[in-house]
Each structure stands twice: as structure tokens, then as C-alpha cells.
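Student: dropping a prediction and its sequence here:
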Amino acid sequence: MITIERIFLEIRNLDPADLDRWIAEQYIRPEGEPGAWRFQEIDVARIRLIIELRDTLEITEPALPTVLSLLDQLYELRRQMRQLNAAMEATLPVEMRTALALRLER
Amino acid sequence: MADDPYKVLGVAKDATEAQIRAAYRKLAKKHHPDLNPGNKTAEEQFKKVSAANEILSDAAKRARYDAGEIDETGAEKAPPRGYREYADAAPGARYAYSGGESGGPGGFGGENFEDLFENLFADRATRQSGPARGRDAQYSLSAGFLDAINGATKRLTLPDGQTLDVKIPPGTADGDVLRLRGRGSPGRNNGPAGDALIEIRIAPHPFFTRDGQDIALTLPVTLREAVLGEKISVPTPAGPVAMTVKAGADTGTKMRLKGRGVPAHGQFPAGDLYVTLEIHLGPPDAALETFLRGNKGPKFDPRAAMESAP
């Protein structure tokens, strides 16, 4: 569990007003309630990502939900692919996995 | 641990370069070791002020400090783990497109695993829902020409060492597939077993050839048998039969033995055996030579067709 104070210590160039807005827009989804937010490490990384998108990649705030939504979809797919991969590794006999790998290499 | 450089220099986070420079000069003068000989506290303080100025006087370093990339001493901090490391792993579910814990920003509705791999899961669904028939097993079995014509029982050894007696019915053709019910893979959830599908490959015969229900045979005969029309024995798939050669028969003359081809089976009636004669002269015969010298015979040119052709 990470407090909002820890976040401001770790990310010194974070404007509290920005964070409040991002939480209100649900770009960042901590647990708890206003004034007593509890963050996780992924939230800290996501705040850094948003700052990076805004400051370095010059993605304006109105474009942010679109970009975040696309990223969320991409990562969801990647997590599902990983699950599928793990499931195949756990269940398929080795000949079948080899045949699959050969097929995918083409 | 060193202190926040902004606090050390006593300036605001958004202090200008000029303000920082002024603050540093003021403090450096105050704590300079040469001006405070023997004063340990002043020396320590001077070091801190210098370190703080080192970072804040350099716009690039100051920005990196603000972003948390370096600490108060200017040392690199371990780079924060990127968003991808979290999003790719289990914690990423927090920002799952299809919802997440507090509802997602997306309005399109996410796809779940089953939607993505519809075919895979459709297969699983049928497998789980009830009994399913086992898969058919494919085998290949070679049979002799006459075994396939007349029918035979052949033993097939399966990959697992078991044997299967395969009854090849009369009239089986090359490439026919026999189905042995229930001899394939076992079914799931008490479903019936699959079938064994056995493709029959038929070896060629040295003198019989098959054409559907009929069989063809090229049969050598002597000159005497052909000219005089004698009774001879003809091999057939079912054993030799007697046949009288048509008198005056020639090489290439065709004779039909009705019903002596492939035996009747299923909806097919018995086929015929087509015999094509081929005259063989045999060893030299002095009497035949003498006869031919004294008898020129009727006018006949077997090559007439060749001479008119180019």
C-alpha cells in the first residue's frame, strides 16, 4: 500500500491537481477515497507513464483517454496471450507444441 | 543521508537560476572552511551546500532530480520499473480494458478469452458437455491381386502391437477403404469408440490386369492351336478353365470368357475375362520350313498400313 505522500516524494514533478484530475477521470484507479487514497506500484508506474506521455511524447490531455484505452486493450491482449501460452505449455504434448511453433514460424 | 537540495539552499522548488546562484553564494561564503578554520560543522555544511548547488545549478541535473532519476548526491537511482512490467503481468488486470475493479474508461465492452479463441472453446464445450465418439484410426494394408479378387482374411499389426484380422471381401479394388466399426480410438464419457479405416493397397499381378469388373489376360498360343483351333487351358482368377481357340485365330485376337472376371459382389454382377491371343512359334520345326517353302499362301502384307503412313 502506497500513500499519496509517498507518491509526491517519489515523483517530484507531479502536480497534485493533475493527479486529482486523473483519479477523477479514472485514468488512475487507487483504492480508498479522496483524502485517503491507497495506491499500488502499478499506479505509480502508470502516473509516470502519463507524465511521460504528456511531457515527452507531447500527448495532450484530451487525447489521453484514447491512448490509455488503446494501451489497456493492448496489455489485456498480451496478458491473455501469456495465459494461453502457459496453458498450452502445461497441457499440450511436446510434438503438438513443436508443430504449432513450426506453423507459427512460417 | 543528504538533505533535499532545495531545503539546503533554502530556495523554493520553482526558484530561478539567479535565486539559486544567489542562495548558494550566500551560504558558501558563510560556511567556507577557509573562513571557519577548525569548525567541523561549517565544513559539513559547506559540503552539503556544494552538493546541492551541483545539482540545482545544472538545469539538466535539476530536471533529473525533479523527476526522481537521481538522488541528492547526484547518484543514479535505480530506474523505476516501467509501466509495461506491471501491465504485462497480473497487476495489469487493475486496468483491464473490459472493466477493472472500479470500471474502465472504455465504452466498447472488452472481449473475453472465450470470444478470442472461439473455435478452441467451442471444441472444449462439446467435449465437456457429453459423451463423444472416439476418433477414427487410419491404417493401410497390402493385399495380393488374387486375394483382393477372390476375398481373403489378412492380419494387420497395429502400432500398439495388437493384431486385427481384416476380412477383405471379394472384388476389393485398389484404394478401397474398409471400415471396422468400434476398432478406432475409445470414446469419451462413455461415447462409442471410433472406427478403424483400412485402405487396401493391391500389388500388381504378373499377367492379370483389372479394369473394373473385367480382367484382361494376354495368352500365348502355338501356331497349331491358333490355325487349327484347338482346346486349351486358360488360367483365370478362380482357377484354370478349358477354352477352344477359334480356328484361324491370330496374334491380337480377343476372346471373352463370360463370368470369369471379378466375381459378383454387392451390386456388381460378375465381370468377364478378356483373353488376347499371342502366337508363339516355339523351337525351329524342319517340317514347317519344308511346308512353307512349297506353299506361298494367299497374298497378305501385315505391314501395309505402315507403308502408307509417314
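Tutor: That came through fine.
Student: which stretches of chain B form helices?
Tutor: Ranges of helices in chain B, per DSSP state H, are B:5-9, B:17-31, B:40-56, B:59-66, B:83-87, B:113-116, B:118-129, B:145-150, B:223-228, B:286-293, B:304-308.
Student: what about the fourth one, distance to the chain center?
Tutor: Which is helix B:59-66. Counting by C-alpha atoms, centre = their mean, to the nearest Å, helix B:59-66 is centred 58 Å from the centre of its parent chain.
Student: what does the third one give?
Tutor: In this view, helix B:40-56 has its centroid 72 Å away from the chain centroid, taken as C-alpha atoms, centre = their mean.
Student: and it, what does it pack against?
Tutor: helix B:5-9, helix B:17-31, helix B:59-66 (3 or more C-beta pairs under 8 Å, 6 or more residues apart in numbering or on different chains; DSSP states H and E). (Glycine included, C-beta is placed from N, CA and C.)
Student: low pLDDT regions in chain A?
Tutor: A:106 (pLDDT under 70).
Student: coming back round to it: could the helices of chain B be laid out in a markdown table, adding mean pLDDT and mean neighbour count?
Tutor: Output for these, formatted as a markdown table (pLDDT from 0 to 100; neighbours: other C-beta atoms under 10 Å in any protein chain shown):
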| stretch | mean pLDDT | mean neighbour count |
| --- | --- | --- |
| helix B:5-9 | 90 | 21 |
| helix B:17-31 | 88 | 15 |
| helix B:40-56 | 87 | 17 |
| helix B:59-66 | 87 | 15 |
| helix B:83-87 | 83 | 20 |
| helix B:113-116 | 62 | 12 |
| helix B:118-129 | 58 | 11 |
| helix B:145-150 | 92 | 20 |
| helix B:223-228 | 94 | 16 |
| helix B:286-293 | 91 | 9 |
| helix B:304-308 | 80 | 8 |
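Student: and these as a markdown table, adding distance to B:Asp250?
Tutor: Below are those laid out as a markdown table (distance: least, C-beta to C-beta, whole Å):
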| stretch | distance to B:Asp250 |
| --- | --- |
| helix B:5-9 | 120 |
| helix B:17-31 | 121 |
| helix B:40-56 | 116 |
| helix B:59-66 | 108 |
| helix B:83-87 | 90 |
| helix B:113-116 | 76 |
| helix B:118-129 | 67 |
| helix B:145-150 | 28 |
| helix B:223-228 | 7 |
| helix B:286-293 | 17 |
| helix B:304-308 | 15 |
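Student: and B:Pro263, which of those helices is closest to it?
Tutor: helix B:145-150 (7.0 Å; C-beta to C-beta).
Student: could you list the domains of chain B?
Tutor: Residue ranges for the domains of chain B, per automatic domain parsing: B:5-66, B:137-202, B:208-293.
Student: swap that for chain A, please
Tutor: According to automatic domain parsing, the ranges for chain A are A:1-59, A:62-106.
Student: now those domains as a markdown table including distance to chain B?
Tutor: Shown next, in a markdown table, are the domains of chain A (distance: least, C-beta to the nearest C-beta, whole Å):
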| stretch | distance to chain B |
| --- | --- |
| domain A:1-59 | 4 |
| domain A:62-106 | 4 |
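Student: with mean neighbour count and distance to B:Thr290 added, can I get those in JSON lines?
Tutor: JSON lines is the format used below for these (neighbours: other C-beta atoms under 10 Å in any protein chain shown; distance: least, C-beta to C-beta, whole Å):
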{"stretch": "domain A:1-59", "mean neighbour count": "16", "distance to B:Thr290": "114"}
{"stretch": "domain A:62-106", "mean neighbour count": "13", "distance to B:Thr290": "79"}
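Student: point me to the helix or strand that includes A:Leu14.
Tutor: Taking DSSP states H and E as the definition, A:Leu14 sits outside all helices and strands.
Student: same question, the one 5 residues further on
Tutor: Taking DSSP H and E as the definition, one finds A:Leu19 inside helix A:16-24.
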